[in-house]
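In: sequence and computational prediction follow.
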Amino acid sequence: MFKNYIKIALRNLWKSKGYAFINVVGLSVAFCISVFLFLTAYFSLSYDDFHKDKERIYQPYLMSNDPEKVNKSASMPYPITPALKAEFPEIEAIARAVNGSDVVEYKGKYLDKYIRYTEPDFFKIFSFPFVQGNASTALHDLSNIVMTEHMAKAVFGNEDPMGKQVQLGLDANKKQYVVTGILKDFPENSSLKFDALVRSENVGGYHQQKEQWDAYSHNVFLKLKPSVDKLAFEQRLKPFTSKYFAESIASLKKKGAKPDERGDLFALRLQKLEDMHFDKEISGGKEVALVYALMGIGFFILLIACINFINLNVARSFIRAREVGVRKSLGALKKQLFLQIWGEAAVVCLLGFLAGISLAISLLPMFNATFQSKLTLDYIFEPDKLAMLVGLFLFVTLIAGGYPAWQMSKFNAVEVLKGKVSLKKPGVLRNSLIIAQFTLSSLLICSTIIAVQQVDHLRKQPLGFQKEEVISIPVGNKVNGQMALRRMRNRLAGDPNIVSITGTGVNLGVGLDRSTSRSVLGFTFKGKDIATDWLGIDYDYMKTLNIKLLAGREFDPAYPTDSLDRVVITESMAKMIGEKDPVGKFFQTDTAGAKHQIIGVVPDFNLYSSKSEKKPITMYLSHSGSVGYIFVRVSPQSLSTAMDKLKAVWKEITPESEFKGSFVDQNTNAWYKEEERLSQVFSLASGVAIILSCLGLFAVALIVIEQRTKEIGVRKVLGASIGNLVYVLSREFVKLVLIAILLATPLAWFFMQKWLDNYPYRIEISPLVFIAVGLIAVLVAVATVSFQSIKAALMNPVNSLKSE
C-alpha cells in the first residue's frame, strides 16, 4: 500500500509539474535561509555551554546606585580575590583574569600573543581540557606557562613543547617561562579568549596594586559550591562590601543616593557566565536583539513558504475534487485519502528539504564571508543540529501538508460527483494567508529600510575628530613605541605630504591588529565619584585629529613640565568634576599620589564607539607610558601613495615588526559592524520573503483565474474590455496587499522603535518609509497578478464557453 501511495504521489506531481516546481523551489529557498539563520542563532545562544558546571560559574561585579545613573562594572581591585577566598567557604574556586598581550620569543622567533594572567583555580572553574600536562600542577610556579594547541604549534612547530623554555616581553621586561601544559583549542563559542595563561603575579605593577582596593583593573571569576544559592550568597556579601568599600558608600550618601529595590547603595553581585555574552553593560557583550531577529526572520520565511504550500494545495483541491469523489465511491477511507494526499505533500517537502540542505552546503562559504559567521559543515552535521533540521522538516511537512490533506479527505463523495465542491469559506482562508504573507514581507522591508537609515545616520554622526586622511599604525609588542614614534618623526621631518604625526595608547576603531584596550580611572573629587577614560597621547594629538581647543592649550614641547602630571580633559569631564573654568585646577586620582593640573579643555569625542554617548576623557602625555599606535595625517593629494610610503619607512625604522597600517575612517567603520550585519540580514530576508510571496501569489492567481475562465468568457461576450477584466481580476488581490500593509506598518514602527531606543544617536522613523513600502508592495502584487490577468483576458471567449 505504501509503495502504491508513493507511485501515485510521484505520478500526480509529474502531472502538475508547474505547481510542484513552485513548491519545491519555495521550500528549498526557505529551508536554506532558515538553516543558516537558525544555526547562527543557535551558535550565538550556545556560548560557554561547553563548560561542565556553567550554572555555578559567575563573574562578580560592583553595582553603584548613583543618583544620576546606576553603574555596574566587573573591573575589580587585586586584593578582592584573596579576601573573598579567605572569608567565604561557599566559594569552591576563584581566579583573576587579567587581559594582556606580549611578545613570545623562542629560538629567534618573535610572536605577538594574547596572554591572560590568572591563578591555578582557573582550571577548577572552567572546562578547558589538557592535551598535555596536569591541571592541578600546570600553574604551580610563577614561571609556568600554559599554551593552547594553536599557540604551541606556532611557537614550537613539530617539537614537543612540554618543558621547553620561552621568553615573554622585551628588554627590561623580558622574563623566562617553562611550558607546563597544553590546552586543547577551545571552540569558537567561548567568551574567554587567550593564547596562553601565566600567573597573575607576573602582571606589571602587581606588587604596587595588590593591596589597593581603589585600583580597578581586571575581571574575576568564581565557582560556588553545588548547594549554594546565588541570591543568598549575594546577601552574605553585604557586610564584606561595607567593610572594604566604605569610602564608595560614604561618597554615594553625600550625593544623596538612595538604596535600590534590594536595599543597596553599593553592592558586590554575581553575573552568570551564561549571561556574559549578551550583557552590554557589564561585560561589553553582543546585541542579543540580533540573535532574536535572526530566529524571527528564519521563522517568518518558513511561514511564508508554508503559506504558499497551503494556498496552492487548497486551491488545487477544487481541481482534484472529482478524483477524491471517485476514490471515496470506490471505497477509499478518509484515513487512506489523508495519508495519500499528505504523502504527496511529504514528497514535495522532502525534495524541498534536500534541495535546501544542498543549497545551504554549497552557499556556506559565501554566507560565512558575508555575515562573519563561523559555521562549518562539521557543525551542521553534529547530532543535535541534525535533530533540529529533522524537526524543522517534520514541522513544515505536518503544517504545510497536513491541513490541505485533512480538508480534501473530508469531501462528500456524492456532492463532489454532482459538481458541487465547497470548503467552508475557502476564500477566507486563502485571503488570510495571503495577507499574512505580505504582512511579513512588508514588515521585513520596512525594517530593512529603517536599519539601513540608522547605519547611515551613525556613519554621518560627528565623532568629534576628523577621521579622514589619517593613517593608524599599530606598533605591536616587538618594538618600543616611543622609539618607533621618535624614529618616524625624524625620518618624515620636512616631508610636504605629512601634515602631522602623533602617538597614543588607544586606537580609534578596529585596525588590522584587531585589538582594542581601555583604561578607566575611578577616583573621588570634592565628594563626587569620578570615572574617566585615561588616555595616553603624544604631542600633536589634537592637530593630527583636528580636535579644536575650547580653553587652555594642548601639550607642547616648549613646556617641559607637561610630562609631569599635566592633563587635557574633555568637556564632559569638566562637567563631571563641576568646574566651569577648569584650566589651572588640580585633582588627585590617589590620595597618596601626585596632583594633576588641567592645562586644556577640548570638545567631547567618541573614543570607542559612536553607538554610545561620548564619555569623559582625561589625556596625559605618555612619555612614561607605552605608545601602542602611531597616527599620521597625510595631505589629501598624497592619499593614493601615502600607505606605500609609510610601509617602506616602517620597514626601514622597525624591520622586526610587521606593518599593519590602515586608515582611521576604515577602522571606525568596524563600530557599525553589528548594525550592518543586521541590515544585511534584513535585506536578504525581505528579498527572499517578497520573492516567495510573489511566487505564491502568482500560483494562486493562476488557479483562481483558471476557475473563473467561463466568467471571463461571459464578460468578454457582454463587451468587457481587457482593462476592465484585468481590473476585476486584480482588485481582490490588491485589497489583500493593502490590508497587509495596514497591519505591517504599526508592527514595524513598534519593533524598530524598540531597536532604535538602544542608541543615543538615532533617527526618527519617517512616515515616508511606510508609504514607499506600501507602493512597492502594491506595484509588485499588481505586476504579479496582471501577467495572468492579461493572459486570461486575451483568450478567445469561444474556447472558454464552448463546453456550455
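Out: Structure's in. What do you need?
In: contacts only, for residue 545.
Out: Applying Cβ atoms under 8 Å, 6 or more residues apart in numbering to residue 545 gives the contacts 465-467, 470, 502, 508, 605, 631, 633. The way it works is simple: take the backbone N, C-alpha and C, and place the C-beta from them, glycine included.
In: nearest to residue 218 among these?
Out: Checking the contacts of residue 545 against residue 218 with Cβ to Cβ, the nearest one is residue 508 at 24.3 Å.
In: among the contacts of residue 545, which ones are in helices?
Out: Taking DSSP state H, every one of the contacts of residue 545 sits outside helices.
In: buried subset of these?
Out: 465, 467, 470, 502, 508, 605, 631, 633 (16 or more other Cβ atoms under 10 Å).
In: now for the residues you listed, which pair is the farthest apart?
Out: 605 and 633 (15.5 Å).
In: touching, residue 109 and residue 159? I think so.
Out: No - in this structure, residue 109 is not within contact of residue 159 by Cβ atoms under 8 Å, at 11.7 Å.
In: how about the nearest residue to residue 476, chain neighbours excluded?
Out: The shortest distance from residue 476 to any non-neighbouring residue, by Cβ to Cβ, 6 or more residues apart in numbering, is to residue 657 (4.9 Å).
In: and residue 353, by the same measure?
Out: Leaving aside its chain neighbours, residue 353 sits nearest to residue 393 (4.7 Å; criterion: Cβ to Cβ, 6+ apart).
In: cool, residue 741 as well?
Out: In this structure, residue 741 finds its nearest non-sequential neighbour in residue 774, 4.4 Å apart by Cβ to Cβ, 6+ apart.
In: any idea of the pLDDT on the one you found?
Out: With respect to pLDDT, residue 774 scores 88.
In: report the secondary structure state of it.
Out: Under DSSP: H, G, I helix; E, B strand; the rest coil, residue 774 falls in the helix class.
In: report the contact partners of it.
Out: Neighbouring residues of residue 774 by Cβ under 8 Å, 6+ apart: 442, 738, 741, 745.
In: most neighbours among those residues, please name it.
Out: Taking other Cβ atoms under 10 Å as the neighbour criterion, residue 442 ranks highest of the contacts of residue 774 with 28 neighbours.
In: ok, the spatially closest residue to residue 628 that is not a sequence neighbour to residue 540 distance?
Out: Among residues not flanking residue 628 along the chain, residue 505 sits closest, at 5.0 Å (Cβ to Cβ, 6+ apart). Distance, residue 505 to residue 540, by Cβ to Cβ, to the nearest Å: 15 Å.
In: phi first, then psi, for residue 55.
Out: Main-chain dihedrals, residue 55, degrees, to the nearest 10: phi -70, psi -10.
In: I misspoke; the intended subject was residue 118.
Out: The phi/psi pair for residue 118 (degrees, to the nearest 10) is phi -150, psi -160.
In: what sits against the closest residue to it other than its chain neighbours?
Out: Spatial nearest neighbour of residue 118, excluding adjacent residues (Cβ to Cβ, 6+ apart): residue 95 at 5.0 Å. When contacts are counted by Cβ under 8 Å, 6+ apart, residue 95 touches 81, 118-122, 125, 220-222.
In: shouldn't residue 95 be within a strand?
Out: Yes - counting by three-state DSSP, residue 95 falls inside a strand.
In: return the set of residues that bridge with it.
Out: Per DSSP bridges, the residues bridged to residue 95 are residue 221.
In: for it, give its distance to residue 113.
Out: Per Cβ to Cβ, residue 95 is found 20 Å from residue 113.
In: what does stretch 202-209 rub up against?
Out: For stretch 202-209, contacts defined as Cβ under 8 Å, 6+ apart pick out 77-78, 98, 100, 117, 142, 173, 175, 200, 215, 217.
In: try stretch 661-669
Out: Contacts of stretch 661-669 (Cβ under 8 Å, 6+ apart): 459, 463, 467-468, 470-474, 507-512, 610, 631, 643, 646-647, 650.
In: now do the buried residues in that stretch.
Out: Within stretch 661-669, judged by 16+ other Cβ under 10 Å, the buried ones are 661-665, 667-669.
In: with stretch 104-120 instead?
Out: For stretch 104-120, by 16+ other Cβ under 10 Å, it's 104-106, 111-113, 115-120.
In: list the buried residues of the longest helix anywhere in the chain.
Out: Longest helix in the chain by number of residues, with DSSP H as the criterion: helix 334-371. Neighbour counts using 16+ other Cβ under 10 Å place 337-349, 351-353, 355-357, 359-360, 364, 367, 371 of helix 334-371 among the buried residues.
In: and for stretch 219-237?
Out: Those would be 219-224, 228, 233-234, 237, for stretch 219-237 by 16+ other Cβ under 10 Å.
In: ok so, going back, show the buried residues in the contacts of stretch 202-209.
Out: Buried subset of those (neighbour count, 16+ other Cβ under 10 Å): 77-78, 98, 100, 117, 200, 215, 217.
In: so what's the gap between the one helix or strand residue 428 maps to and the chain middle?
Out: Per DSSP states H and E, residue 428 falls inside helix 426-460. How far helix 426-460 lies from its chain's middle: 21 Å, per Cα atoms, centre = their mean, to the nearest Å.
In: low pLDDT regions in the stretch 201-350 of the chain?
Out: 284-285, 287, 313-334, 337, 341 (pLDDT under 70).
In: and the helices in it?
Out: 206-209, 230-236, 238-244, 246-254, 273-276, 288-316, 321-329, 334-371 (DSSP state H, counting those that start in this stretch).
In: quick one: closest of these to residue 531.
Out: Across these, residue 531 has its closest neighbour in helix 246-254 (11.5 Å, Cβ to Cβ).
In: quick one: the strands in the stretch 601-750 of the chain, in order.
Out: With DSSP state E, counting those that start in this stretch as the criterion, the stretch 601-750 of the chain has strands at 617-621, 629-634, 662-663.
In: dump those to a markdown table, plus mean pLDDT and distance to residue 686.
Out: Below are the strands of the stretch 601-750 of the chain laid out as a markdown table (pLDDT from 0 to 100; distance: least, Cβ to Cβ, whole Å):
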| stretch | mean pLDDT | distance to residue 686 |
| --- | --- | --- |
| strand 617-621 | 90 | 40 |
| strand 629-634 | 92 | 40 |
| strand 662-663 | 91 | 32 |
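In: of all the ones you listed, which one is nearest residue 303?
Out: Evaluated over these, closeness to residue 303 peaks at strand 662-663, with 42.8 Å, by Cβ to Cβ.
In: mind listing the strands that closest one pairs with, and their directions?
Out: When pairing is defined by DSSP bridges, strand 662-663 lines up against strand 470-474 (antiparallel).
In: picking that back up, got the phi and psi for the residue nearest to residue 353?
Out: Backbone torsions of residue 393, given as degrees, to the nearest 10, read phi -60, psi -50.
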